[in-house]
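> build me a structure from this.
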Amino acid sequence: MIVKIVTLFLIGMAVLAMFGRLRLPGTGGRRIAFGRSGTGKCPACGRHRIGSGPCPCGKG
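Numbering: from 1, shown residues only. You can find the predicted model right below:
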């Protein structure tokens, strides 16, 4: 019984790993971060930008 549970757990983990490696077409090789495609780093100071507001440095 325990062998069957462990086997099903490992199969489930393998399926999750396959979905984790899935690349969606049209993303250009980058990951989609919860639907926010325009966020990234500030071009002036290199800080990570969170949200759509301006960078705290005031340059980006």
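> any weak-confidence spans in the protein?
Counting by pLDDT under 70, the chain has low-confidence residues at 23-39, 60.
> mind listing the helices for it?
In chain order, the chain shows helices spanning 2-20, with DSSP state H as the criterion.
> since we're on residue 55, how many residues are nearby?
17 (other CB atoms under 10 Å). Glycine gets a C-beta too; all of them are placed from N, C-alpha and C.
> so what's it closest to, chain neighbours aside?
On the basis of CB to CB, 6 or more residues apart in numbering, the spatially nearest residue to residue 55 that is not a chain neighbour turns out to be residue 42, at 4.1 Å.
> I figured the one you found hits residue 50, correct?
No - taking contact to mean CB atoms under 8 Å, the distance of 10.8 Å between residue 42 and residue 50 leaves them out of contact.
> neighbour-wise, which of those two wins?
Relative neighbour count places residue 42 above the other of residue 42 and residue 50, with 16 against 9, counting by other CB under 10 Å.
> who touches the more buried one in this structure?
With contacts defined as CB atoms under 8 Å, 6 or more residues apart in numbering, the neighbours of residue 42 are 48, 49, 55, 57, 59, 60.
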